[in-house]
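1. my questions concern the predicted model and sequence given below.
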Amino acid sequence: AQEPFYGKLSGTSMSGPVLAGLVALTMDAYKQNNGEFPDPMDVIVTVEATSNDVLEGYRSFNIGGGFADAEALVERAENDDLETLDTYTDDFLVGNDEGGTDIGDVFTVTGSRETGASVYTAGQVARVELDVDANKKATVRDRVPFGWKLVDGDFDSVETTDGVRFVQFDEVEPDGTVTYIIEAPEETDTYTFGPAAARAESDDSGIFRRFTDASRKTVVGAQQP
């Protein structure tokens, strides 16, 4: 009764359903606060990063890497603060035995955004630039709020998925830059752009990896004379 597991050989029959529930909570919290589901791999490494290490005194094949922290997971999801493969390094060795997946085949991407000013009046335009540093040619998309009018740029399409609007760029080179110009609406409010995300051009799974944070722009009323 004093231990957080029910037997000396607790395994996946206990941990699997619990972790599945925690992952579902994390993904739902992220979507409710950020408008889209996170990259599943980001959730996986965040589970590892926030777990309470109990390896000392226990054998890893009995107890795993630690106890998952549900509160920390949901809090980080709500704050758009999930770990990624680029930001988290665990203590486990990565194998590459014959028949496995070569780590070189895994799509990786980092990047940045330049968004100009943070305050606009109706009709002013913002130029958004995304720098992409990937290991493969990529499809890139950026979340853009409804009400803002796309007036120029090298984007290929504008998509709406699960009630979220994206501007999309196809066949972006591994070390590329994409831009779009967007006009502020009349309605005063604070609007969220991003986060920008990408997937390998050859990947048809529909799963994008986030590579920038979100940014916010505020539309204010015209100054009275």
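-> Looks like it arrived, so ask away.

2. quick one: the strands in the chain, in order.
-> Remark: strands assigned in the chain by DSSP state E are 109-114, 119-121, 125-134, 138-143, 149-153, 157-161, 164-172, 175-183, 189-193, 196-200, 209-210, 215-220.

3. need those in a markdown table (columns: distance to Asn33).
-> Yep, even glycine has a C-beta here, placed from its N, CA and C like the rest. Putting these into a markdown table (distance: least, Cβ to Cβ, whole Å) gives the following:
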| stretch | distance to Asn33 |
| --- | --- |
| strand 109-114 | 19 |
| strand 119-121 | 23 |
| strand 125-134 | 22 |
| strand 138-143 | 13 |
| strand 149-153 | 25 |
| strand 157-161 | 17 |
| strand 164-172 | 12 |
| strand 175-183 | 23 |
| strand 189-193 | 10 |
| strand 196-200 | 16 |
| strand 209-210 | 14 |
| strand 215-220 | 13 |
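
4. hey, least reliable of those by pLDDT?
-> Mean pLDDT values for the strands of the chain show the minimum at strand 209-210, a mean of 86.

5. adjacent strands (with direction) for it?
-> Strand 209-210 has the following strand partners under DSSP bridges: strand 196-200 (antiparallel).

6. and the strand it pairs with with strand 175-183, angle?
-> What separates the directions of strand 196-200 and strand 175-183 is an angle of 140 degrees, with axes from the mean of the first three to the mean of the last three Cα atoms, to 10 degrees.
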